[in-house]
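>>> this one's sequence-less:
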Ligand SMILES: [Zn+2]
């Protein structure tokens with residue numbers, strides 16, 4: 001017979017740490033990339049029922065109505081290199097689609113309802129399904145009816161469907177309703193809750209995903225202001241000789257009004273040839289910024305230039321990049 005003290009202790013534990021509902025799959029990280037290095041978490045699930053946006057930590061790393069998790073690549077070249085999309089848990093493939101082109105939705109005439117682009121839906125039983133959208137054309141490696149194990153490669157991260165940058169949109173559904181995998185079917189914990197669980201993720205997946213409200217996606221030194229859209233920066237802009245302007249540009253996530261940003265460019269001898277600081281007046285989930293100057297009358301000295309960008313919030317650095325390029 002169980003001691004009553006032990007019984008009450010275990011009930012208290014259950015109340016503080018809601019477990020995933022019975023039959024919910026334990027989800028592994030659904031891509032073969034490393035967050036913060038080869039890929040980034042661009043968007044989370046939106047918990048704001050109105051026109052606003054709020055992620056599961058009451059942050060702004062989402063857009064209105066976003067029903068999944070976006071795991072993005074930094075460049076088009078990374079998409080061509082190929083990063084695998086992995087089944088988050090064992091299951092049976094329900095549906096697949098392939099054949100949609102890897103081009104930004106900005107240049108497509110219409111999607112004919114194929115917003116997910118090339119996609120895979122996996123059934124995990126008990127009413128639970130996962131969907132993997134925007135996969136690379138020709139990469140779908142599974143077929144309907146096929147059993148897959150957790151971590152099995154099902155395709156590659158791509159740019160198909162309603163997408164402006166190469167990414168995986170990962171959706172979890174229970175009985176047809178989209179569920180935030182960071183929360184599961186439990187009530188949303190209070191902001192900054194210490195009692196936060198991994199939701200439906202395995203502990204390893206939750207650790208891999210982390211939570212970075214701001215990050216630099218990519219950046220560089222160029223002779224002209226490059227296009228904002230990653231699909232239009234392919235190949236990335238470069239330096240164009242000693243007489244051209246010198247511009248440091250960054251493509252980032254999650255700059256906020258009141259953040260402080262600093263650009264600096266050092267010349268081949270290490271001396272600063274350009275620096276500029278400013279307060280961000282209105283940031284956003286997507287943040288594109290640049291600063292630079294014209295070449296001096298004698299032209300830039302040939303050699304290696306180093307660009308540095310930092311984004312600060314309340315005196316803490318929340319995102320940064322250092323990039324180098326050679327002027328010939
Ligand atoms: Zn998405």
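Here it is on my side, so go on. For clarity, every value in this text was computed on a predicted model and none was experimentally measured.

>>> can you list the residues of the stretch 1-150 of the chain near the ion?
With CB under 5 Å from the ion as the criterion, the stretch 1-150 of the chain meets the ion at residues residue 70. Just so you know, the C-beta spots here come from the backbone N, C-alpha and C atoms, and that holds for glycine as well.

>>> Specify the beta-bridge partners of the residue of the stretch 1-150 of the chain found nearest the ion.
Residue nearest to the ion within the stretch 1-150 of the chain (CB to the ion): residue 70, separated by 4.0 Å. Judged by DSSP bridges, the bridge partners of residue 70 are residue 43, residue 169.

>>> isn't residue 213 right next to residue 254, touching?
Yes. In this structure, residue 213 is within contact of residue 254 by CB atoms under 8 Å, at 5.0 Å.

>>> Look at these two and report which has more neighbours.
residue 254 (22 against 18; other CB atoms under 10 Å).

>>> hang on, the earlier thing: show me the common contact partners of residue 213 and residue 254, please.
60-61, 318 (CB atoms under 8 Å, 6 or more residues apart in numbering).

>>> Name the SS class of residue 79, please.
Using DSSP: H, G, I helix; E, B strand; the rest coil, the structure places residue 79 in helix.

>>> Which residue, other than its chain neighbours, is closest to it?
Closest residue to residue 79 apart from its sequence neighbours, by CB to CB, 6 or more residues apart in numbering: residue 166 at 3.9 Å.

>>> residue of this protein with the smallest distance to the ion?
For the chain, CB to the ion, closest residue to the ion: residue 169, 3.5 Å.

>>> Would you check that that residue makes contact with residue 134?
Yes. If you go by CB under 8 Å, residue 169 and residue 134 touch, sitting 5.5 Å apart.

>>> what residues do the two have in common as contacts?
In contact with both residue 169 and residue 134: 116, 163, using CB under 8 Å, 6+ apart.

>>> Got the confidence number for the nearest residue to residue 137 once chain neighbours are set aside?
Computed as CB to CB, 6+ apart, the closest residue to residue 137 that is not its neighbour in sequence is residue 102, at 5.3 Å. Note on residue 102: pLDDT of 94.

>>> Apart from its chain neighbours, what residue comes closest to residue 259?
That would be residue 280: by CB to CB, 6+ apart, it lies 4.3 Å from residue 259.

>>> Okay, buried residues for stretch 301-315 please.
Of the residues in stretch 301-315, 305-313 count as buried by neighbour count, 16 or more other CB atoms under 10 Å.

>>> now stretch 224-242
Those would be 226, 229-231, 233, 236-237, 239, for stretch 224-242 by 16+ other CB under 10 Å.

>>> Surely the residue nearest to residue 79 touches residue 73?
Yes. Using CB under 8 Å, residue 166 makes contact with residue 73 at a distance of 4.4 Å.

>>> tell me, what's touching the two both at once?
79, 157.

>>> and stretch 82-89, how far from the chain's centre?
15 Å (CA atoms, centre = their mean, to the nearest Å).

>>> how long is that stretch end to end?
21 Å (CA to CA, to the nearest Å).

>>> gap between residue 198 and residue 91?
19 Å (CB to CB, to the nearest Å).

>>> which ones are touching the residue nearest to residue 79?
72-73, 75-76, 78-79, 102, 134, 136, 157-159, 230.

>>> Can you give me the pLDDT of the nearest residue to residue 92 once chain neighbours are set aside?
Spatial nearest neighbour of residue 92, chain neighbours left out: residue 123 (5.1 Å); criterion: CB to CB, 6+ apart. Model confidence at residue 123, expressed as pLDDT, equals 97.

>>> Please apply the same query to residue 191.
Looking at residue 191, the pLDDT reads 78.

>>> same question, residue 146
With respect to pLDDT, residue 146 has a value of 98.

>>> for residue 113, same thing?
pLDDT at residue 113 comes out at 89.

>>> now swap in the one 5 residues further on and tell me
Taken from the predicted model, the pLDDT recorded for residue 118 is 98.

>>> Show me what the nearest residue to it once chain neighbours are set aside bridges to in the sheet.
Spatial nearest neighbour of residue 118, excluding adjacent residues (CB to CB, 6+ apart): residue 135 at 4.1 Å. With DSSP bridges as the criterion, residue 135 is bridged to residue 118, residue 157.

>>> And for residue 129?
residue 123, residue 173.

>>> can you pull the contacts of it?
By CB under 8 Å, 6+ apart, the neighbours of residue 129 are 91, 94, 121-123, 172-173.

>>> Would you map the strands across the stretch 101-250 of the chain?
Taking DSSP state E, counting those that start in this stretch, the strands of the stretch 101-250 of the chain run over residues 118-125, 128-135, 147-148, 153-156, 167-174, 177-179, 215-222, 246-255.

>>> and stretch 243-255, what's its mean pLDDT?
Mean predicted confidence for stretch 243-255 is 96.

>>> List the buried residues for stretch 191-209?
Buried-residue list, stretch 191-209, by 16+ other CB under 10 Å: 196-202, 205-206, 208-209.
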